[in-house]
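K.L.:
test case, fold it:
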Amino acid sequence: MSATVRVLGQEVLDAFGRSHADARKALVAWLSIAEEQNWGSIVEVRSVYPHADFAKPYTVFNVKGGRYRLVTLINYQLQIVTIIDCLTHAEYDKGTWK
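P.N.:
Numbers count the residues shown, from 1 in each chain. Below you'll find the predicted structure:
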């Protein structure tokens, strides 16, 4: 059996959920689904999250219908997803997270 993804940086989700209560349920759902995966590439990520984007070196997930952006780094070989930031769409568009 292949290893499933390990997610690091969950405190980022917790903090964002405290300041954006409407995002909590979607973030919990994302985490639950991500932890069950065994991703080998962005193609495999998109099979679960079709709107995930690769913005080298980050993988960015749309959360809550695109209202929020979850910025991650995925190490496919080690099966580790590191949460870098969670942003509103407007914050993401400013590009300061890059």
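K.L.:
tell me the contacts of the closest residue to residue 58 other than its chain neighbours?
P.N.:
Once flanking residues are discounted, residue 58 sits nearest to residue 71: 5.3 Å by Cβ to Cβ, 6 or more residues apart in numbering. Any C-beta I mention is one placed from the backbone N, CA and C, and that applies to glycine too. The contact partners of residue 71, by Cβ atoms under 8 Å, 6 or more residues apart in numbering, come to 58-60, 83-87, 92, 97.
K.L.:
check the gap between residue 15 and residue 48 for me.
P.N.:
Residue 15 sits 25 Å away from residue 48, taking Cβ to Cβ, to the nearest Å as the criterion.
K.L.:
which stretches of this structure form strands?
P.N.:
6-8, 53-55, 58-63, 68-75, 80-88 (DSSP state E).
K.L.:
let's have those strands in TSV, adding distance to residue 31 and mean pLDDT.
P.N.:
Formatted as TSV, these follow (distance: least, Cβ to Cβ, whole Å; pLDDT from 0 to 100):
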stretch	distance to residue 31	mean pLDDT
strand 6-8	6	97
strand 53-55	19	94
strand 58-63	11	96
strand 68-75	10	97
strand 80-88	9	97
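K.L.:
pretty sure residue 26 sits against residue 63.
P.N.:
Yes - contact criterion Cβ atoms under 8 Å: residue 26 and residue 63 qualify, at 4.9 Å.
K.L.:
and the two? Which one has more around it.
P.N.:
For residue 26 versus residue 63, neighbours defined as other Cβ atoms under 10 Å are more numerous around residue 63 (22 against 19).
K.L.:
so how far is residue 49 from the residue nearest to residue 20 when sequence neighbours are not counted?
P.N.:
Among residues not flanking residue 20 along the chain, residue 68 sits closest, at 7.0 Å (Cβ to Cβ, 6+ apart). Between residue 68 and residue 49 the distance is 13 Å, computed by Cβ to Cβ.
K.L.:
list the residues that contact both of these two?
P.N.:
What both residue 68 and residue 49 touch, as defined by Cβ under 8 Å, 6+ apart, is the set residue 62.
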